[in-house]
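Student: Sequence and predicted structure, then a few things I'm wondering about:
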Amino acid sequence: MTSVVNKLSDWESVDKPLTNLSTVQLDTISQLSAAVKDRPLPSHIKRSVEPAELASSRSVTSDGGGSTCDLLPVFHQLETGRAIISTGQQFLQWIHQVESSLIDEESKPYLMYISELERQRDVTINLQNQVNFSLSQLTDLTSQYEKVSKKTTELHVACQDLLQEQTKLSQTNAQLQEKLKVFQEYEKTVHKLSSPTLSVQSETFLPLISKIDESISYLQQNSNYKESTIYLVKYRAALNRALDMIRTYVKSCLDTATAAASVPASPALSSAPHTAFTLFYGKFRAAAPRMRHLIAETERRQQQGQEYEQLLMDVEQHYLSCRERLLGPSVKNAVNQLLGVHQRDHCGLVRAGCAFLLHVCEDETQLHSQMFSATPESEEDPRPRLSEFLERLCLVLYDSLRPLIIQVSHLETLAELTAILRGEVIGQHCLTYPHLTAFRRVGYQMLQDVQERLVYRTSVYIRTDIIGYQASPGDLAYPEKLEMMESIAEQLAQQQQERSKTHSRQNSNSSLVSLTSMEVGNINSRSYSSSSPADLHGMWYPPVRRTLLTLSKLYRCLEKPIFQGLSQEVLTACLESIERAAQEISRNPKKSVADGQLFEIKHLLILREQIAPFQSEFLVKETSLDFSKIRSAAKTLLNRKADLLNISGNNALLEFLLEGTPGVQEHLRDSKKEVDRRLKLTCEKFIQDSSKKLLNAVQDFNAKVLNFYQVRGDRSALLKSQPWASESNLQTAVATTIRLIKSQVPIIQRKMQLYLANRETEFILFR
């Protein structure tokens, strides 16, 4: 209470007020305080008159001469005559009465107030008694309420415990029922499966299988339950029974479709395409919707157990066997018909056969996709079993083509077959249909067989037609052939000049280009062209033409590593053939050594220029064994026979085994560099022989001079003292050399122009 008073005193403290009121707020509080200062009494309480007020009112009344009813009873009796004052005693008594009346009159309000207080006291006492009684009743009620509330709380807690116990028991019962549900529903499941009205097409069949799967999964997860193993075996048996129904139904549908599509002596696919397509695919496409949802459901559950995997495998295998039984004979008949139509046209046979099988594979893939889904896990081959089936169909054509390919001997045919398989079959068809992996595998296998045959025939061709080429006199008629072609060209030029009389003919040989030069020119970025007839392909040595033609064909047909190996072999054979022909020309007594050398230079230049545009390195790595270590180790072993049985580290036999291992050596053979090397050597030999022929006398004189200075004993001996070093002999040697230069240089230059027909090359040789 003290703290409250202190707070009230501090409410308007000057130093630290609890509230900071404004002037308007303080005026408002003052007005409210004045308004509630004199509060009126309640309406049910009468205000008592104070004695002073009553006396004053009396005096005012007496002074004012109020009415007689307001006078004291003594005065009223005196006025009415009921009281008579006749004696002094009576007057005194009357005075005493008046005083008593005044005293009574003055005391009356106090008496009335006292009586009122007494009445209020009685009322208060009565009210207090009633309140005490009520409090006692309330105390009794409170105690009784507390007792009832305590009992109610205890009852509520007991009810809650019972409810919790009931809930736990209900949950336990539900859990038990849920756990026993799998065991209890087995009989119902078996009964439904045994129902004669159950069909795989009914609406309850797939939910029944789902329930069996859930039961099997539940039993597998709770293998510690009693008899869970027994019921797991029972449910698996029920699942196998349901899946057997699916297997039987799908196989029945497939057999029905196969029987409907099979007709006696069915025509080949190529004879009537529309009829064959309707016959072989229409029945299966019509039956596909009846089986698709069952197969899709099996594929969706494939990861749940081996039963579904086995079912899917059996169904797909049966489908493929039905398709193979239906299409196998027709495909064979169609391939046989193609073999009869294209008996001698191997390229047409490959084109027609591959196109036919491509359509068959595409149609089979579309039909298979209507029944089975692709395997998403396998990115390389999403339909492996279908690919195996399609590969068996494609092998029908492969088995028919392989004997024919083995018998093909012409490089042109093999090269064209390789181009067809690489460009059309694998390059175009397989890129357009990347999902046909079986067709691509068989196509690659056919391509490898054709390339293998091409490589073999190329090796034979190199041995027989390039290395083993027997040159005829006409092939070695150099420079007669060049002179003849030059004269023909001059005659043609004269005739053209006579006809046109405008300008000389331009350097063009387009009208003289044959098939060989066209094929070589197709892969070259620039051609070997000149105005001389020596550059015409007809003047090339036949092995050179065959080499370039072979390289041009192999370049389009073979992979780069294979082409590099064969090109090395072809160029080596061509160089050997050119060298042999040049030697035969040089040995001809009617011709000179320069003819053979210029012949070789000419064809080496042609060969170098024609192989330059090939986008390939003519580089081959060869591996050989070096047995030089074995020889030295064997010599050491023979020299140390006494140490053969030595137990120490100097055992001769052990050293022979360790040091006598042959070494492996790798050699890089570059055909382009070999051509350049041969060309360089031939040019140097040509320059050396030509120089020796022209400068023989001077060279002999110089040799004698060098020999004289090397072997002379007397340093005082002079060169002019020698008889062979006379001025006349020197003049004779110089004159002979000048005469030979004047007479032979034009002849050599003429031969170079005739053979080489290239001023830059001629300038290099003359330089």
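Tutor: Nice, I can see it. Residues are numbered from 1 along each chain as shown.

Student: any idea which element residue 224 lies in?
Tutor: For residue 224, there is no host helix or strand (DSSP states H and E).

Student: Equivalent analysis for residue 675, please.
Tutor: Element membership of residue 675, judged by DSSP H and E, is helix 671-694.

Student: Check the offset of the strand or helix carrying residue 492 from the chain's centre.
Tutor: Assigned by DSSP H and E, residue 492 belongs to helix 480-500. Helix 480-500 sits 67 Å away from the centroid of its parent chain (C-alpha atoms, centre = their mean, to the nearest Å).

Student: pLDDT of that helix, averaged?
Tutor: For helix 480-500, mean pLDDT rounds to 79.

Student: just use 295 as the starting number from now, easier for me
Tutor: Done: numbering now begins at 295, and the last item shifts to helix 774-794.

Student: now the stretch 845-994 of the chain, which segments are flagged as low pLDDT?
Tutor: 909-929, 931-965 (pLDDT under 70).

Student: ok so, going back, name the helices or strands packed onto the helix holding residue 786?
Tutor: Where contact means 3 or more C-beta pairs under 8 Å, 6 or more residues apart in numbering; DSSP states H and E, helix 774-794 is packed against helix 1021-1049. From N, CA and C alone the C-beta is placed, and that goes for glycine too.

Student: quick one on the thing from earlier: show the subsequent helix or strand relative to the helix holding residue 969.
Tutor: As assigned by DSSP H and E, the chain's next helix or strand after helix 965-988 is helix 990-1005.

Student: follow-up on the earlier one: ok now the helix holding residue 969, how far from the chain's centre?
Tutor: 58 Å.

Student: in that helix, what's buried?
Tutor: By 16 or more other C-beta atoms under 10 Å, the buried positions in helix 965-988 come out as 965-966, 969, 972-973, 976-977, 980, 984, 988.

Student: Residue 552: what's it in contact with?
Tutor: Listed by C-beta atoms under 8 Å, 6 or more residues apart in numbering, the contact set of residue 552 reads 577, 616, 619-620.

Student: Between which two of these is the distance greatest?
Tutor: Longest distance between any two of the contacts of residue 552 is 13.5 Å, between 577 and 619; criterion C-beta to C-beta.

Student: Which helix or strand contains residue 846?
Tutor: Assigned by DSSP H and E, residue 846 falls within helix 836-851.

Student: what comes into contact with that helix?
Tutor: The contact list for helix 836-851 (C-beta under 8 Å, 6+ apart) reads 705-706, 708-709, 712-713, 716, 745, 748, 752, 755-756, 759-760, 763, 765, 769, 810, 813-814, 816-817, 831, 857, 860-861, 864-865, 867-868, 871-872, 875, 897, 900-901, 904-905, 908, 910.

Student: Just the buried subset of those, please.
Tutor: Neighbour-count burial (16+ other C-beta under 10 Å) applied to the contacts of helix 836-851 gives 705, 708-709, 712-713, 716, 745, 748, 752, 755-756, 759-760, 763, 765, 769, 810, 813-814, 817, 831, 857, 860-861, 864-865, 867-868, 871-872, 875, 897, 900-901, 904-905, 908.

Student: Mind checking which of those residues are in helices?
Tutor: 705, 708-709, 712-713, 745, 748, 752, 755, 810, 813-814, 857, 860-861, 864-865, 867-868, 871-872, 875, 897, 900-901, 904-905 (DSSP state H).

Student: ok, now how distant is residue 863 from residue 744?
Tutor: According to C-beta to C-beta, to the nearest Å, residue 863 stands 19 Å off from residue 744.

Student: the more surrounded of these two?
Tutor: Taking other C-beta atoms under 10 Å, residue 863 and residue 744 do not tie; residue 744 has more neighbours (27 against 18).

Student: residues contacting the more buried one?
Tutor: Applying C-beta under 8 Å, 6+ apart, the residues near residue 744 are 699, 708, 711-712, 715.

Student: Now find how far off-centre the longest helix anywhere in the chain is within its chain.
Tutor: Counting by DSSP H, the longest helix found in the chain is helix 382-478. Distance, stretch centre to chain centre, for helix 382-478: 89 Å (C-alpha atoms, centre = their mean).

Student: Show me what it packs onto, helices and strands only.
Tutor: helix 345-358, helix 367-374, helix 499-515.

Student: and residue 1052, what pLDDT?
Tutor: 68.

Student: got it, and residue 451?
Tutor: Reading off the confidence values, residue 451 has pLDDT 93.

Student: Pull up the gap between it and residue 436, please.
Tutor: For residue 451, the distance to residue 436 - C-beta to C-beta - is 22 Å.

Student: For the stretch 445-594 of the chain, which residues score under the pLDDT cut-off?
Tutor: Applying pLDDT under 70 to the stretch 445-594 of the chain flags the ranges 557-572.

Student: Apart from its chain neighbours, what residue comes closest to residue 707?
Tutor: Leaving aside its sequence neighbours, residue 707 sits nearest to residue 640 (C-beta to C-beta, 6 or more residues apart in numbering; 5.8 Å).

Student: check contacts around the one you found.
Tutor: By C-beta under 8 Å, 6+ apart, the contact list for residue 640 reads 698-699, 702, 707, 711.

Student: Generate CSV for those residues, with neighbour count, distance to residue 794 and pLDDT as supplementary columns.
Tutor: CSV is the format used below for the contacts of residue 640 (neighbours: other C-beta atoms under 10 Å; distance: C-beta to C-beta, whole Å; pLDDT from 0 to 100):
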residue, neighbour count, distance to residue 794, pLDDT
698, 15, 54, 89
699, 19, 54, 87
702, 16, 49, 87
707, 18, 44, 89
711, 27, 47, 89
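
Student: Which single one of the residues you listed is nearest to residue 685?
Tutor: Residue 685 has its nearest neighbour among these in residue 699, at 18.5 Å by C-beta to C-beta.

Student: That closest one touches residue 711, doesn't it?
Tutor: Yes - using C-beta atoms under 8 Å as the test, residue 699 is close enough to residue 711 to be in contact (7.2 Å).

Student: Spatially, which two of the buried residues of helix 965-988 are the most separated?
Tutor: Spanning the widest gap among those are 965 and 988, at 34.5 Å by C-beta to C-beta.

Student: Now do residue 434 against residue 442, distance only.
Tutor: For residue 434, the distance to residue 442 - C-beta to C-beta - is 12 Å.

Student: shared neighbours of these two, anything?
Tutor: Here residue 434 and residue 442 have no joint contacts, going by C-beta under 8 Å, 6+ apart.

Student: quick one on the thing from earlier: restrict the very next helix or strand once past the longest helix of the chain to CA atoms and write it as CSV.
Tutor: Sequence-wise, the next helix or strand downstream of helix 382-478 (DSSP H and E) is helix 480-487. Included here for helix 480-487 are C-alpha records, laid out as CSV according to Å, rounded to 0.1, in the frame of the first residue of the first chain:
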residue,chain,number,x,y,z
TYR,A,480,-4.4,-66.4,-50.2
GLU,A,481,-7.4,-68.7,-50.4
LYS,A,482,-9.4,-65.9,-52.1
THR,A,483,-6.7,-65.3,-54.6
VAL,A,484,-6.4,-69.0,-55.5
HIS,A,485,-10.1,-69.3,-55.7
LYS,A,486,-10.3,-66.3,-58.2
LEU,A,487,-7.5,-67.9,-60.3
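
Student: what packs against helix 480-487?
Tutor: Checking 3+ C-beta pairs under 8 Å, 6+ apart, helix 480-487 ends up next to helix 499-515, helix 522-555.

Student: Taking their axis directions, it and helix 499-515 sit at what angle?
Tutor: With axes from the mean of the first three to the mean of the last three C-alpha atoms, to 10 degrees applied, the angle from helix 480-487 to helix 499-515 works out at 150 degrees.

Student: what about helix 480-487, distance to the chain center?
Tutor: 48 Å.

Student: What residues of it count as buried?
Tutor: In helix 480-487, counting by 16+ other C-beta under 10 Å, buried: 480, 483, 486-487.

Student: show me the contacts for residue 687.
Tutor: Counting by C-beta under 8 Å, 6+ apart, residue 687 makes contact with 618, 621-622, 625, 651, 654-655, 658.
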